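>>> predicted model, plus sequence, below.
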Amino acid sequence: MKTVIVLAMHGAPPNDFPKRELGEFFGLHSRLEHAAGSDAAQIKPRHDELDAKIRAWARTAQNDPYWAGSREIANELAREMKCEVIIGFNEFCAPTLAAAFDQAAERAARVIVLTPMMTRGGEHSEKEIPHAIDAARQRHPAITFQYVWPLDTVAIAQFLANQITNYERFARITN
């Protein structure tokens, strides 16, 4: 059974996106979260237009280091796991999680979804990503979607301790 990994990342706006439009987007986003009925219907088209523009913005390591770092992680994960890794972004970048899940479903019988969001209690990892996975399961009922989360807290602590050890070892060598 062919497996594809979808790396579910948060996303960040590119630093060269027009500031006025970015401010407008965040204002609309905030208003939309609290709007209802006709108020939401009036706000949503412009919000969605700006969201699409932000997501479609050309990305480079210079204008979006988060995007570049996400690609580095995906490349290393693909090398380590010896399978294809597709990145999907919760916000601000393309492809969306839905698009990444659809792409993975076209290529594999099993899709493993993983996020580096390590701490429980986050809206993205606990609610939004599972909701997007459920929607993908509805669109692709023949495909197995597995969400590898929450992450093991002992493994996270060991990972962080290893980072400290490596940092201190490097600091002794360079000082």
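Arrived safely.
>>> with adjacent residues omitted, what lies nearest to Pro13?
Distances taken as C-beta to C-beta, 6 or more residues apart in numbering place Phe92 nearest to Pro13, at 5.0 Å, with adjacent residues excluded. The way it works is simple: take the backbone N, C-alpha and C, and place the C-beta from them, glycine included.
>>> ok, that neighbour - how many residues close by?
Applying other C-beta atoms under 10 Å, we find 22 other residues in the vicinity of Phe92.
>>> that one contacts Gly11, correct?
Yes - here Phe92 reaches Gly11: they are 3.8 Å apart, a contact under C-beta atoms under 8 Å.
>>> can you pull out the helices in the protein?
Secondary structure of the chain (DSSP state H): helices located at 19-34, 37-56, 65-81, 97-107, 123, 129-139, 153-174.
>>> low-confidence ranges, the protein, go.
For the chain, the stretches flagged by pLDDT under 70 are 175.
>>> can you give the domain ranges for this structure?
Listed domain ranges for the chain are 3-13+62-174, 19-56 (source: automatic domain parsing).
>>> start and end of the last one, how far apart?
So the one you mean is domain 19-56. With C-alpha to C-alpha, to the nearest Å as the measure, domain 19-56 spans 16 Å from end to end.
>>> the first one now?
Terminal residues of domain 3-13+62-174 lie 42 Å apart, using C-alpha to C-alpha.
>>> one more: stretch 78-93?
20 Å.
>>> buried ones in it, by neighbour count?
Within stretch 78-93, the residues scored as buried using 16 or more other C-beta atoms under 10 Å are Ala78, Glu84, Val85, Ile86, Ile87, Gly88, Phe89, Asn90, Glu91, Phe92, Cys93.
>>> report the contact partners of Ile156.
Ile156 makes contacts with Met118, as judged by C-beta atoms under 8 Å, 6 or more residues apart in numbering.
>>> distance check, it against Arg120.
Here Ile156 is placed at a distance of 10 Å from Arg120 (C-beta to C-beta, to the nearest Å).
>>> picking that back up, could you say which of the domains of the chain is packed most deeply?
Ranked by mean neighbour count, the domains of the chain are led by domain 3-13+62-174 with a mean of 16 (mean count of other C-beta atoms under 10 Å).
>>> before we move on, back to that, ok, which of the helices of the chain comes nearest Phe145?
helix 129-139 (5.2 Å; C-beta to C-beta).
>>> this completes my enquiry, with thanks.
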